[in-house]
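In: Output the structure for:
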Amino acid sequence: MILLWLLGSALAGVPILALWGDGRRGRWLFVAINVLVLLLSVVAATDFLQQGPLAAMGEELRMDAFSLILVMLNGVVGMMTAWFSAGYWQQEVQHHHFGIGRQRLYHAMFQSFLATMLLALLSNNLGILWVALEGATLSTVLLVSMQRSGESLEAAWKYFILCGVGLAMALFGTVLLYFAAKPVLGSGAQALLWSTLHHHAASLNGTVIALAFVFILVGYGTKVGLAPLNSWLPDAHAAGPSTVSAVLSGLLLNVALYAILRYKSLADAAVGSAFASRLLLAFGLLSLLLAAFSMLRQHDVKRLFAYSSVEHMGIICIAFGLGGPLAIFAGILHMLGHSLAKSSVFYSVGRAVQENHSRELEDLHGLFARRPAIGWSLLLSILAILGMPPGSLFLSEFLIIVASIQQAWFITPLLLLGLGTAFAAILPRLLQMLYGVPNSPRVNLSGKDLRPAFVQIFLVMALGIWIPSSLDGWMHSVVGLLQ
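Out: As a prediction, this is how the structure comes out:
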């Protein structure tokens, strides 16, 4: 029952915000809805601790340890983004003169995005998972194009077309999976329920499952931002509001990767672990290296950190491609740390861009002197995303490097090259933003709107020092599901 309440609360927020999502009322309704979703997520986590995996609607909805971790992450980042959005969106409305209709559209589509992410995580039916990711795509297209400028419309169309093609390939992969499952499980919804498929995966046709996984990896990999399928991602991040960039990097990429890993667990049982693992390793290394070197030539701050998202998704794919308890544990930890740190980066960048009315790095100088709150949030969040201790990304990257030495030593130099190049691309730009000579007059923006960024940075640092026993248990359960 709690799963229905959780999903229903998120979905009910869409029409509420479509009707009353303007002005101060709309901003705080958005916050209240996502506070409720987070509280219900905590209740679901409590029930999970007592009962184990939860189910509803005849197993159509199901929460295991993997989906629970990401549901909790979805709740935290969604609520924090809504909180940050209350101040950020007010400035955007004043600057761009958005009317009542545009304000309602923003809040309703944002809530629709968060609700479809939650549906994707709670759905046990892999067909409904595809529908949820398609719904998230449509919601995000409208968010990216919110400013209705030439740049935002071009980015939205590019995102829609590329991700639409990717989702078409993922749909074909889902059809192939059903084709392989039907002789074993019969026709009907049972042939698409992941829990049932996972139990019978060894009996499925290996050749068809291997082909299905290729289409799934390429299709959902487009939404993950894996190279060379990532060209939509920098444009969408640059053109859309910074709140949208925060959830694109913090939630959407994770959920699309979650879908791939669900299929990987089936492919490992039907075909053998080497097939899917090698594909993930190849895409992960290519994404890491391409993104790291692309960052060296970026002049737009939001495009710079969009490529950073591609880099980190490459690192996570390397972890899951390596396999084994250590690498999988590190991959899950990196998913958590990256989501919290990267959304904090975009909160801080969003405020810096509002301050200077420019996304160009050469215009974002002297933030420590002009806006200490923005400067400190940028410093701490970017150091976290660079994997500096004591943040959790330092721990996860260290564990991934150790796992690569143990299991595939020949990729370790490439992994270190990508990490070093990304560090060299970002750190000098950070120093310029903090200490350079200001190029524009100060704008009176309140630093208190960055409190969500500081809360999430604290969580990243805390996870690098201590992982709560319940979370540690869930993460080890996921290791058992995926290896």
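
In: check contacts around the nearest residue to Ala168 once chain neighbours are set aside.
Out: Spatially, and ignoring its direct neighbours in sequence, Ala168 is nearest to Gly219 (7.2 Å; C-beta to C-beta, 6 or more residues apart in numbering). C-beta here means a position set from N, CA and C on the backbone, and glycine is covered the same way. The contact partners of Gly219, by C-beta atoms under 8 Å, 6 or more residues apart in numbering, come to Gly166, Leu167, Ala168, Met169, Ala170, Leu171, Phe172, Gly173.

In: which among these end up buried?
Out: Among the contacts of Gly219, the ones that count as buried by 16 or more other C-beta atoms under 10 Å are Gly166, Leu167, Met169, Ala170, Leu171, Phe172, Gly173.

In: What about the contacts of Gly219, which are in strands?
Out: Among these, no member is found in strands (DSSP state E).

In: Identify, from those residues, the entry nearest to Val35.
Out: Taking C-beta to C-beta as the measure, Leu167 is the one of these closest to Val35, at 31.2 Å.

In: Wait, the closest one touches Glu134, no?
Out: Yes: in this structure Leu167 lies within contact range of Glu134 using C-beta atoms under 8 Å: 5.5 Å.

In: for the closest residue in space to Gly166 that isn't next to it in sequence, helix, strand, or coil?
Out: With sequence-adjacent residues excluded and distances taken as C-beta to C-beta, 6+ apart, Gly166 is closest to Thr222, at 2.8 Å. The three-state label given to Thr222 by DSSP: H, G, I helix; E, B strand; the rest coil is helix.

In: check contacts around Thr222.
Out: Thr222 touches Leu162, Cys163, Val165, Gly166, Leu167, Met169, Leu229, Trp232, counting by C-beta under 8 Å, 6+ apart.

In: in the stretch 201-350 of the chain, which spans are helices?
Out: 206-224, 232-239, 242-247, 253-271, 273-295, 301-322, 324-356 (DSSP state H, counting those that start in this stretch).

In: Could you export those as a markdown table, including distance to Leu383 and mean pLDDT?
Out: Converted to a markdown table, those look like this (distance: least, C-beta to C-beta, whole Å; pLDDT from 0 to 100):
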| stretch | distance to Leu383 | mean pLDDT |
| --- | --- | --- |
| helix 206-224 | 25 | 95 |
| helix 232-239 | 20 | 89 |
| helix 242-247 | 18 | 94 |
| helix 253-271 | 21 | 95 |
| helix 273-295 | 16 | 95 |
| helix 301-322 | 13 | 96 |
| helix 324-356 | 9 | 94 |
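
In: who wins for proximity to Met146 among those helices?
Out: helix 242-247 (7.7 Å).

In: contact partners of stretch 57-66?
Out: The list of residues contacting stretch 57-66 from outside it, by C-beta under 8 Å, 6+ apart, reads 3-4, 7, 44, 48, 53-56, 71, 121-125, 128, 189, 193-196, 258, 261, 473-475, 477-478, 481-482.

In: which among these end up buried?
Out: By neighbour count, with 16+ other C-beta under 10 Å, these hold 3, 7, 44, 48, 54-56, 71, 121-125, 128, 193-194, 196, 258, 261, 474-475, 477-478, 482 as buried.

In: Mind checking which of those are in strands?
Out: Going by DSSP E, the strands hold Leu54, Ala55, Ala56 from the buried ones among the contacts of stretch 57-66.

In: Tell me who's in contact with the nearest residue to Leu6 once chain neighbours are set aside.
Out: Counting by C-beta to C-beta, 6+ apart, Leu6 lies nearest to Leu40, which is 4.4 Å off, once chain neighbours are set aside. Listed by C-beta under 8 Å, 6+ apart, the contact set of Leu40 reads Ile2, Trp5, Leu6, Ser9.

In: and the second one, how far is that from Arg62?
Out: Here the distance between Trp5 and Arg62 works out to 15 Å (C-beta to C-beta, to the nearest Å).

In: In terms of packing, which of the two has more residues around it?
Out: Arg62 (19 against 15; other C-beta atoms under 10 Å).

In: quick one: contacts for the residue lying closest to that one once chain neighbours are set aside?
Out: Nearest residue to Arg62 in three dimensions, chain neighbours excluded: Asn124, at 3.7 Å (C-beta to C-beta, 6+ apart). The neighbours of Asn124, taking C-beta under 8 Å, 6+ apart as the test, are Ala55, Glu59, Glu60, Leu61, Arg62, Leu193, Trp194, Ser195.

In: Also Val31?
Out: Contacts of Val31 (C-beta under 8 Å, 6+ apart): Met79, Ala82, Trp83, Ser85, Ala86.

In: quick one: low-confidence parts of the chain?
Out: Low-confidence segments of the chain (pLDDT under 70): 439-448.

In: What angle do helix 253-271 and the top helix by length along it make with each other?
Out: Across the chain, the helix with the greatest residue count (assigned by DSSP state H) is helix 150-185. Between helix 150-185 and helix 253-271, the angle comes out at 30 degrees (axes from the mean of the first three to the mean of the last three C-alpha atoms, to 10 degrees).

In: just how off-centre is helix 150-185 within its chain?
Out: 18 Å (C-alpha atoms, centre = their mean, to the nearest Å).

In: Just the buried positions in it, please.
Out: Within helix 150-185, judged by 16+ other C-beta under 10 Å, the buried ones are 152, 155-156, 158-160, 162-163, 166-167, 169-174, 176-181, 184-185.

In: quick revisit: which one of the buried ones among the contacts of Gly219 is nearest Val93?
Out: Leu167 (31.8 Å).

In: I'd say Ala384 and Gly337 touch.
Out: Yes: Ala384 is within contact range of Gly337, at 7.4 Å (criterion: C-beta under 8 Å).

In: Confirm for me that Gly323 is in contact with Arg278.
Out: No: judged on C-beta under 8 Å, Gly323 makes no contact with Arg278 at a distance of 10.4 Å.

In: who has more neighbours, these two?
Out: Taking other C-beta under 10 Å, Gly323 and Arg278 do not tie; Gly323 has more neighbours (24 against 12).

In: Run through the residues that contact that one.
Out: Contacts of Gly323 (C-beta under 8 Å, 6+ apart): Ser273, Ser277, Gln407, Gln483.

In: Spatially nearest residue to the third one, not counting backbone neighbours?
Out: Taking C-beta to C-beta, 6+ apart as the measure, Gln407 lies nearest to Leu322, with 5.2 Å between them; neighbours along the chain are not counted.

In: Tell me the spacing between Ser187 and Glu60.
Out: 16 Å.

In: meant to ask about Arg371, not that
Out: For Arg371, the distance to Glu60 - C-beta to C-beta - is 49 Å.

In: Please say which of those two ends up with more neighbours.
Out: Arg371 (23 against 16).

In: correct me, but that one touches Glu355?
Out: Yes: the pair Arg371 / Glu355 is scored as a contact, 6.0 Å apart, by C-beta under 8 Å.

In: for the residue nearest to Leu419 when sequence neighbours are not counted, what are its contacts?
Out: The shortest distance from Leu419 to any non-neighbouring residue, by C-beta to C-beta, 6+ apart, is to Glu397 (6.7 Å). Contacts here follow C-beta under 8 Å, 6+ apart; on that basis Glu397 touches Ile315, Ala330, His334, Gly387, Leu419.

In: and the residue nearest to the second one when sequence neighbours are not counted, how far is that from Leu463?
Out: Meaning Ala330. Closest residue to Ala330 apart from its sequence neighbours, by C-beta to C-beta, 6+ apart: Leu399 at 3.6 Å. Remark: distance between Leu399 and Leu463 (C-beta to C-beta) = 13 Å.
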